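Q: sequence? don't have it. structure:
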């Protein structure tokens, strides 16, 4: 910096001399005994030397001063996150299977249709069970009438007890047969097990169906979504039911706030981890089963913490960590001080300072690499 200033001032002096009389040198004026011009040149040179001395003095006063950026330390809430990947899922995502094999005689829904719990989605041919039910129902009605007559007679002490009991047994037996047949016929009806949306339909009306890996259709409820993942064993005790979680779904560019709803009670011996489930809202219906989610799980929080940008922390040859603060700060100037610190957790490009700093301290955030203890700084 000194050299640049001296060169610049020297150039000004030479230019001034030339400007006074570019064709006449000092030697020529002496030889010509032109004392009037020599006096003028001396005055100009003296004036320029005074400027040079002032510039050099200013340069010397600034030689040990550095320009920096600073930040005043404040208390803040600090949270550390465990970042891990998980999969979006829902408990209400099933393949609908027929309870009874047969010909699909009706199909009442299509893909994309919303359905309600208990809604009839289709029907399988009952194979003549309806006719059997009608026949048994007729027999039951006759047995019931017979029993009622025998009961009236028995109440009047007319007839035998055995006739009364036989009529009663016949009626009860046929009643059970009717109920069993109705239960069998009910299995031919395919009903929605919960509120949701028909995601896919794999069959057509008139097709012979039975239970299969493919199923008849898939129904999904996207209102009760969650993210499942496995957490390293080291976090047992830090991750609990109710712990807040941020779930980022990169495929749709959305982030959702949720909470842990379930924590496994056992450790997987194969990878020393335990499972968790995080409930997440789905108000826009954009979440889908099997989407990949990036979870940020809060595993440490301090309500009143001192934090600094991670990139300003330096380390000496002994591995000790330090930063520079500004003391004697006044009118945007001060003195650099090297402060040894102890650090805690770090997250989001900031680090928690456990000891070494206090609220209100002024720390150097830019220009710290060129500082030394006691150096003057301006900011």
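A: Structure's in. What do you need? Bear in mind that the values here come from a model prediction, so they are computed numbers and not experimental data.
Q: show me the contacts for the closest residue to residue 101 other than its chain neighbours.
A: For residue 101, ignoring the flanking residues on the chain, the nearest one in space by CB to CB, 6 or more residues apart in numbering is residue 210 at 3.7 Å. Backbone N, C-alpha and C define where each C-beta goes, glycine included. Counting by CB atoms under 8 Å, 6 or more residues apart in numbering, residue 210 touches 98, 101-102.
Q: Of these, grab the buried ones for ChimeraX.
A: Buried residues within those, by 16 or more other CB atoms under 10 Å, are selected in ChimeraX with:
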select :98,102
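Q: picking that back up, what pLDDT is listed against the residue nearest to residue 101?
A: Predicted confidence (pLDDT) for residue 210: 93.
Q: Skipping its backbone neighbours, what lies nearest residue 364 in space?
A: Using CB to CB, 6+ apart, the closest residue to residue 364 is residue 324 (4.2 Å).
Q: which strands and helices sit next to the helix or strand hosting residue 153?
A: Assigned by DSSP states H and E, residue 153 belongs to helix 129-155. Secondary-structure packing of helix 129-155 (3 or more CB pairs under 8 Å, 6 or more residues apart in numbering; DSSP states H and E): helix 161-186.
Q: buried ones in the helix it packs on?
A: Quick answer for helix 161-186 (16+ other CB under 10 Å): 164, 167-168, 170-171, 174, 177-178, 181, 184-185.
Q: any chance of the residues you listed in CSV, plus pLDDT?
A: Listed next are the buried residues of helix 161-186 as CSV, based on pLDDT from 0 to 100:
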residue, pLDDT
164, 89
167, 92
168, 93
170, 94
171, 94
174, 95
177, 94
178, 95
181, 94
184, 93
185, 94
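Q: State the pLDDT value of residue 24.
A: Value for residue 24, per-residue pLDDT: 64.
Q: next one: residue 284
A: The predicted local confidence for residue 284 is 86.
Q: Secondary structure class of it, three-state.
A: Secondary structure, DSSP: H, G, I helix; E, B strand; the rest coil: residue 284 is coil.
Q: I'd like to know how far it sits from residue 292.
A: 18 Å (CB to CB, to the nearest Å).
Q: Settle it for me: which of those two has more neighbours?
A: Shown here are residue 284 and residue 292; by other CB atoms under 10 Å, residue 292 has more neighbours (13 against 10).
Q: so who does that one touch?
A: 85-88, 249-251.
Q: Nearest to residue 237 among those residues?
A: Checking the contacts of residue 292 against residue 237 with CB to CB, the nearest one is residue 86 at 20.0 Å.
Q: so the closest one is in which element?
A: Going by DSSP H and E, residue 86 is in strand 75-90.
Q: and that strand, what does it pack onto?
A: strand 225-232, strand 244-249, strand 292-309, strand 342-347, strand 350-355.
Q: just checking, what packs against the very next helix or strand once past it?
A: Proceeding N to C from strand 75-90, the next assigned helix or strand is strand 93-96, under DSSP H and E. On a contact count with 3+ CB pairs under 8 Å, 6+ apart, strand 93-96 meets strand 217-220.
Q: rewinding a little: just put the helices and strands packed on strand 75-90 in CSV and tack on mean pLDDT and distance to residue 372.
A: Compiled in CSV, these are given as follows (pLDDT from 0 to 100; distance: least, CB to CB, whole Å):
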stretch, mean pLDDT, distance to residue 372
strand 225-232, 94, 43
strand 244-249, 93, 42
strand 292-309, 91, 20
strand 342-347, 90, 22
strand 350-355, 92, 22
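Q: could you dump those strands to a markdown table with distance to residue 263?
A: Below are the helices and strands packed on strand 75-90 laid out as a markdown table (distance: least, CB to CB, whole Å):
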| stretch | distance to residue 263 |
| --- | --- |
| strand 225-232 | 8 |
| strand 244-249 | 12 |
| strand 292-309 | 11 |
| strand 342-347 | 22 |
| strand 350-355 | 26 |
